[in-house]
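In: I would like to see how this sequence folds:
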Amino acid sequence: MRIEAGSPTRQSLHRFGDREAVSGPQGTLSFRGLNKQANAVGAALLNLGVTTGERVAILSHNRLEVVPLWVGLEKRGLVRVVLHSHFDMAIHVQTLEQVQASVLVFDVRFADAVGQHRAKMKSVKHFVALGENAPDWATTYSSLTKGDDSEPRVDVDESAPCSIQLTTGTTGNPKPWTATHRSWRAVIANNIDHLDSMHPGIPAVGVDDVNLHFHALQWATGFQTLYPYLLRGARTVLLDDSSFDPAAVVDAIVRDRVTGVLVPGPMLGPILDVIEQRSGIDHALRRVVIFFATPDLLKRVSKVLGPVWCHGFGSTEQGAPTTRLTVGDVSTDERRLDSVGRSASTFFELAVVDGEGRPQSARQSGEIVVRSAMSTSEYWHMADKTKSSFFAGDWFRTGDVGYLDEDGFLFYLDRDKDKIVTSAGTVYPHVIETALLLHPAVANCGVVGIGDSGKQAIVVGVLLKAGSTKSAALGDDILSAAGATLKQHERPSRVVFVDELPTVLGGAKVQREVLQRRIGAIISQR
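Out: Here you go, the predicted model:
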């Protein structure tokens, strides 16, 4: 079926005209201005010789220009390749060659690194710089904005690639997941449904809403909340994500009367700390979408901000929250705080299966699988990987382990690749980390298995909060406190204090493979 590339976005940007659409460190754009700039940038890329279907990669922190870039590429049928700023440049080079990107658009803050690796980017014909003081070998973004800003109205096949989103790289190298034009629209529709139905009694997302992005727009916050708010005429506020300043986030929430925000759990605690230090804030929050949080942290959100949150589980390939736990779910049964909720919308089917893809009964653990229009695609030119990622019946294999209760609530255990196999049985790091994070001295942690599979020791790397001092006694206290809520075979045997945890996306996820190597090296030296 043929469809107009980006037609839902075009219609909304016309509809809301001169209302403010996006504000950020580089200024503001109205909906009309955003549309014109998107059209102009797309036209200018075509004038450089880029053609429909070619890949255009973007490497940037949160900047105003990223939004018209996303829109402009989609409307011209150019395939957006989302690069994550936390990856090493060598990984970006590998990705660019893998997808054969012909254009790299980069934030000038990455100019030196791009310049050093430019000769290795053999597929890239054009380099475009975002910001001042662009290198002389790059085209400036500002020059692209002088292109033809008339509507392109390009027809594409709905199954053609629209964008390529990289997985976050916590387990091996990132993998390029392709979203078609049809599956991308399904992602947007799912997230609109998710946000509209989040809390009964709250109006649907509309022109009075303000959506804040303080975390990487190029990751989940852009993938999940940018378009739903944009298409409804809400205002988008961008904060620079190159460093995390919880006080600046709180200031923005108050100043801009923010109503919606996506927050990774590890960043939520410091934000709540600031709010408590200020004895509360006058806020307008309605929808706080949270990932990777502990039950204790969710309770704290309710106490500090009110019943404004939902907690979810998902992945890049699913394109949206797969499950959602709401305040309403918990009000009838607080034990559900240990779950990640039920299907986030009517667009998702969810199951837990055994190794052959057969459904498990309630409370039997297995692999979490989903079926939706969002996950009907493929990894870019990775046929074997794509094939192994599906069970019969189009069930997408997430690689995550959990179980469903009798009411359909999903209890997440961990990534299957991260499981620790001890002499007493299999344990999951996520379960142990949840217990460890309850200790008042622990800022963040990562649990890994050390030794040969079948007789691994459970060791935890702990990053302490400011003001806490490393000591053997504190390590013992952390282990004792966690052990009170864990089963005997789940209890860690050792704490290793670290000055920095290897994480991705500003601390959102721990890179356990890297942490395992580091802790193994520390232990072997002692």
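In: Can you check the pLDDT for the residue positioned nearest the centre of the chain?
Out: What sits nearest the mean C-alpha location of the chain, by Cα atoms, centre = their mean, is Ala220, with 2.9 Å. Note on Ala220: pLDDT of 87.
In: Now do the phi/psi pair for it.
Out: phi -70, psi -30 (degrees, to the nearest 10).
In: Local confidence estimate at the closest residue to Met382 other than its chain neighbours?
Out: If the residues on either side of it in the chain are set aside, Met382 comes closest to Lys175, at 6.8 Å by Cβ to Cβ, 6 or more residues apart in numbering. C-beta: built from backbone N, CA, C; applies to glycine. At Lys175, the predicted lDDT confidence score is 92.
In: Contacts only, for Lys175.
Out: Applying Cβ atoms under 8 Å, 6 or more residues apart in numbering to Lys175 gives the contacts 166-167, 379, 382, 385.
In: Confirm for me that Leu13 is in contact with Phe31.
Out: Yes. Counting by Cβ atoms under 8 Å, Leu13 touches Phe31, with 4.7 Å between them.
In: Common neighbours of these two, please.
Out: Ala21.
In: more crowded one of the two?
Out: Leu13 (26 against 21; other Cβ atoms under 10 Å).
In: and the more buried one, that one's in a helix?
Out: Yes. Leu13 forms part of a helix when assessed by DSSP: H, G, I helix; E, B strand; the rest coil.
In: got a pLDDT number for the spatially closest residue to it that is not a sequence neighbour?
Out: Closest residue to Leu13 apart from its sequence neighbours, by Cβ to Cβ, 6+ apart: Asn35 at 3.9 Å. In this model, Asn35 is scored at 98, pLDDT.
In: Tell me how many other residues surround Asn35.
Out: 25.
In: May I have the secondary structure class of it?
Out: Applying three-state DSSP: Asn35 is helix.
In: Hmm, Val67 and it touching each other?
Out: No. Taking Cβ under 8 Å as the definition, Asn35 is not a contact partner of Val67, at 10.8 Å.
In: what's the neighbour count on the closest residue to Arg494 other than its chain neighbours?
Out: Nearest non-adjacent residue to Arg494, counting by Cβ to Cβ, 6+ apart: Val459, 4.8 Å away. Using other Cβ under 10 Å, Val459 has 23 other residues around it.
In: on that earlier part again, quick one: the residue nearest to the centre of the chain from Asp136, how far?
Out: For Ala220, the distance to Asp136 (Cβ to Cβ, to the nearest Å) stands at 35 Å.
In: can you give me the strands in the stretch 51-200 of the chain?
Out: 55-59, 79-83, 103-107, 126-130, 139-140, 155-157, 161-166, 176-180 (DSSP state E, counting those that start in this stretch).
In: need these in TSV with distance to Asp148 and mean neighbour count, can you?
Out: Listed next are the strands of the stretch 51-200 of the chain as TSV, based on distance: least, Cβ to Cβ, whole Å; neighbours: other Cβ atoms under 10 Å:
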stretch	distance to Asp148	mean neighbour count
strand 55-59	17	25
strand 79-83	20	25
strand 103-107	18	25
strand 126-130	17	22
strand 139-140	16	16
strand 155-157	18	16
strand 161-166	22	24
strand 176-180	27	23
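In: Okay, and Ala482 sits in which element?
Out: Counting by DSSP states H and E, the element that carries Ala482 is helix 472-483.
In: circling back to that earlier point, go through the strands of the stretch 51-200 of the chain and name the closest to Gln26.
Out: strand 126-130 (8.8 Å; Cβ to Cβ).
In: Check what pLDDT the residue nearest to Ala179 when sequence neighbours are not counted gets.
Out: Among residues not flanking Ala179 along the chain, Ser163 sits closest, at 4.9 Å (Cβ to Cβ, 6+ apart). Note for Ser163: predicted pLDDT of 96.
In: Also Pro321?
Out: 83.
In: Now do the SS call for the spatially closest residue to Leu486 that is not a sequence neighbour.
Out: Of all residues beyond its chain neighbours, the one nearest Leu486 is Ala435 (5.3 Å), with distances taken as Cβ to Cβ, 6+ apart. Put simply, Ala435 is helix when judged by three-state DSSP.
In: can I assume Ala435 is in contact with Lys487?
Out: No. With contact defined as Cβ under 8 Å, Ala435 does not reach Lys487; the gap is 10.3 Å.
In: In terms of neighbours, single out the busier of these two.
Out: Ala435 (21 against 12).
In: How many residues are close by the closest residue to Pro295 other than its chain neighbours?
Out: In space, not counting the residues next to it along the chain, Pro295 is nearest to Leu337; the distance is 3.8 Å by Cβ to Cβ, 6+ apart. Other residues within reach of Leu337, judged by other Cβ under 10 Å, total 17.
In: distance of Leu337 from Val327?
Out: Leu337 is 10 Å from Val327, by Cβ to Cβ.
In: Give me the helices and strands touching the helix holding Ala482, please.
Out: Under the contact criterion of 3 or more Cβ pairs under 8 Å, 6 or more residues apart in numbering; DSSP states H and E, helix 472-483 touches helix 429-436, strand 457-464, strand 494-497.
In: now the helices for the stretch 251-400 of the chain?
Out: 265-277, 295-305, 327-332, 383-388 (DSSP state H, counting those that start in this stretch).
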